[in-house]
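J.: Make a model of this:
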Amino acid sequence: MNDQATHGHDGYDIYGAEFAKDPHAVWEAMRRGGCPVAHSQLGGGSWMVTKYNDIRDITQDPEHYSSRAIEVAGPVPAIGRELFMPPLTSNPEDHKAHRDLLAPYFTPDRVAQLEPFVREEARRLAQAIADRGHGDAVSDFSMPLALAVITKILKVPADARDRFVDWVVRLIRLGPLDQAVRSAVIQEKLQYLEKLLEERTRKPGDDIISYLGHATLDGQPLSRKHKLGSLFLLVLAGADTTWSAMGASLWHLASHPEDRATLLADPGIMRTTAIEELLRAYAPVSIARLASEEVELHGRCIAAQQRVILPLAAANRDPEVFEDPDVVKLDRKRNRHLTFSSGPHRCLGSNVARLELRVALEEWLRVMPNFHLTDPDAVEWSTGQTRGPEHVHIGVDQ
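T.: Numbering: from 1, shown residues only. Below you'll find the model as predicted:
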């Protein structure tokens, strides 16, 4: 193995200006550079993989690449000291049982029951923007819609939404670069979730918190750590990722009127190919794995317990897999994107995310078929674990 080899993009900074401006150009340059794997000491140290097949294979190889810590930056935690979020971070031998505990709440039939609620919320939020004639597709629409769905699933008061936003921003955006912030958020969030668990244990209802509070595994009650970890994951996974995908899709439709016209002329493709293409093009998440042992990848030596970053959006733009990968084709037929990852840890909430995105766009276009970016050059994108537009200021056209 040649662990001394260097790469033109070694030393990358996933929180830096280059990634904020256009990570796709960086990933493509990595692929073209002869070795599609780069290394950086920044952010706690990591290796970055950019090819579709490599990213897919790593997500499907829990033996050599552990998911015990999936954050893309910050110190790599010692074994046993990681943030436990079952089933996402569960050991391979426990994963299926942990996933099966939550699976009944994310079946297609169960998720379909959310559609009337999502549609009503989306219509209300979109109409408020249309009535004003302008607004922010992120803070006025995508963000409150995603949080409304989370609070609906958990059956917590609507006033919890601002708290959830604060946690997500501090944990995902700031936490990897400031461990004191990360630790404070984790403690706040766990205390809040523990209070909810105690309340639902005393007075259970028909909700996932009550279910976890009384669930058993192998005939034994779930541990406090397991209950809190699963709830921690549910709040985290359905927030920033979903509103980022919605915000990016609305940014695209605002800046590509020809695609907006296509959806208005043929709304049926929203349920067939269009949503999948938008998910492919604007996959919001990068995940990480830790090498369980020393591995070699494209001639580079990755030591045991080193972090490997898997930018799912890079896989979705690999020209060896997707024709014209940087072009959004709403009728793209062959589209095996990795937006929801792959393998045993494929996103359990993918059905919810698809429903939210589809209904959000349907209701937005019904209320505001014509709109534009008021300041295209002012759109900034988040970096790190989740990529999406921070704000999408739009004006409504009559």
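J.: rest of the way, CA atoms for contacts and neighbours
T.: Noted.
J.: which residues of the stretch 201-350 of the chain fall in helices?
T.: 208-214, 224-237, 240-255, 257-265, 274-281, 312-316, 350-367 (DSSP state H, counting those that start in this stretch).
J.: now those in a markdown table, with distance to R334 and mean pLDDT?
T.: Shown next, in a markdown table, are the helices of the stretch 201-350 of the chain (distance: least, Cα to Cα, whole Å; pLDDT from 0 to 100):
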| stretch | distance to R334 | mean pLDDT |
| --- | --- | --- |
| helix 208-214 | 36 | 94 |
| helix 224-237 | 27 | 94 |
| helix 240-255 | 20 | 97 |
| helix 257-265 | 18 | 97 |
| helix 274-281 | 10 | 98 |
| helix 312-316 | 12 | 98 |
| helix 350-367 | 18 | 98 |
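J.: For V111, find the nearest of those helices.
T.: V111 sits nearest to helix 350-367 of all the helices of the stretch 201-350 of the chain, at 6.0 Å, using Cα to Cα.
J.: how far off helix 257-265 does that closest one point, in degrees?
T.: Taking axes from the mean of the first three to the mean of the last three Cα atoms, to 10 degrees, one finds that helix 350-367 is oriented at 90 degrees with respect to helix 257-265.
J.: What's the local residue count around H214?
T.: The burial count assigned to H214 is 15, neighbours taken as other Cα atoms under 10 Å.
J.: Give the other helices and strands that the least confident helix or strand in the chain by mean pLDDT contacts.
T.: Lowest by mean pLDDT, DSSP states H and E among the helices and strands of the chain is helix 161-168, with a mean of 92. Under the contact definition 3 or more Cα pairs under 8 Å, 6 or more residues apart in numbering; DSSP states H and E, helix 161-168 sits against helix 143-154.
J.: For the helix it packs on, which outside residues touch it?
T.: Helix 143-154 is contacted from outside by 118, 121-122, 125, 157-158, 160-161, 164, 207-209, 235, 238-240, 242-243, 356, using Cα atoms under 8 Å, 6 or more residues apart in numbering.
J.: From T50, how far out is C35?
T.: 10 Å (Cα to Cα, to the nearest Å).
J.: Please name the nearest non-neighbouring residue to E356.
T.: V118 (6.7 Å; Cα to Cα, 6 or more residues apart in numbering).
J.: pLDDT score for the one you found?
T.: If you check V118, the pLDDT there is 98.
J.: Please save the CA atoms from the strand or helix carrying it in PDB.
T.: Assigned by DSSP states H and E, V118 falls within helix 115-132. What follows is helix 115-132 as a C-alpha-only set of coordinates in PDB (Å, rounded to 0.1, in the frame of the first residue of the first chain):
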ATOM      1  CA  GLU A 115     -50.400  13.200   3.400                       C
ATOM      2  CA  PRO A 116     -53.600  15.200   4.300                       C
ATOM      3  CA  PHE A 117     -51.700  16.900   7.100                       C
ATOM      4  CA  VAL A 118     -48.600  17.600   5.000                       C
ATOM      5  CA  ARG A 119     -50.800  18.900   2.200                       C
ATOM      6  CA  GLU A 120     -52.800  21.200   4.500                       C
ATOM      7  CA  GLU A 121     -49.600  22.600   6.100                       C
ATOM      8  CA  ALA A 122     -47.900  23.100   2.700                       C
ATOM      9  CA  ARG A 123     -50.900  24.900   1.300                       C
ATOM     10  CA  ARG A 124     -51.200  27.200   4.300                       C
ATOM     11  CA  LEU A 125     -47.500  28.100   4.200                       C
ATOM     12  CA  ALA A 126     -47.400  28.600   0.500                       C
ATOM     13  CA  GLN A 127     -50.600  30.700   0.500                       C
ATOM     14  CA  ALA A 128     -49.100  33.100   3.200                       C
ATOM     15  CA  ILE A 129     -46.100  33.700   0.900                       C
ATOM     16  CA  ALA A 130     -48.300  34.200  -2.200                       C
ATOM     17  CA  ASP A 131     -50.500  36.700  -0.300                       C
ATOM     18  CA  ARG A 132     -47.500  38.800   0.600                       C
END
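J.: now it, how far from the centre of its chain.
T.: 23 Å (Cα atoms, centre = their mean, to the nearest Å).
J.: Next, the angle helix 350-367 makes with that helix.
T.: Using the same axes, to 10 degrees: helix 115-132 against helix 350-367 is 40 degrees.
J.: In terms of secondary structure, what does helix 115-132 contact?
T.: helix 143-154, helix 350-367.
J.: Let's have those in TSV, adding distance to A265 and mean neighbour count.
T.: Compiled in TSV, those are given as follows (distance: least, Cα to Cα, whole Å; neighbours: other Cα atoms under 10 Å):
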stretch	distance to A265	mean neighbour count
helix 143-154	25	21
helix 350-367	11	21
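J.: I'd like those helices as CSV, with distance to G219 appended.
T.: Shown next, in CSV, are the helices and strands packed on helix 115-132 (distance: least, Cα to Cα, whole Å):
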stretch, distance to G219
helix 143-154, 25
helix 350-367, 29
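J.: Relative to G133, which of these is closest?
T.: helix 350-367 (11.3 Å).
J.: What pairs with the helix or strand following that closest one, parallel or antiparallel?
T.: Next helix or strand after helix 350-367 toward the C-terminus (DSSP H and E): strand 371-373. Take DSSP bridges as the rule and strand 371-373 pairs in its sheet with strand 393-396 (antiparallel).
J.: centre of the chain versus the strand it pairs with, how much separation?
T.: 25 Å.
J.: buried sites along the helix holding V118?
T.: E115, V118, R119, E121, A122, R123, R124, L125, A126, Q127, I129, A130 (16 or more other Cα atoms under 10 Å).
J.: Go ahead and name everything in contact with it.
T.: 135, 140-141, 145, 148-149, 355-356, 359-360, 363-364, 367-368, 396.
J.: and if you look at stretch 364-372?
T.: 122-123, 126-127, 130, 254-255, 260, 264, 394-398.
J.: for stretch 326-337, same thing?
T.: Taking Cα under 8 Å, 6+ apart as the rule, stretch 326-337 contacts 259, 269, 273-281, 315-317, 322.
J.: Out of the contacts of helix 143-154, which end up buried?
T.: For those, buried by 16+ other Cα under 10 Å: 118, 121-122, 125, 161, 164, 208-209, 235, 238-240, 242-243, 356.
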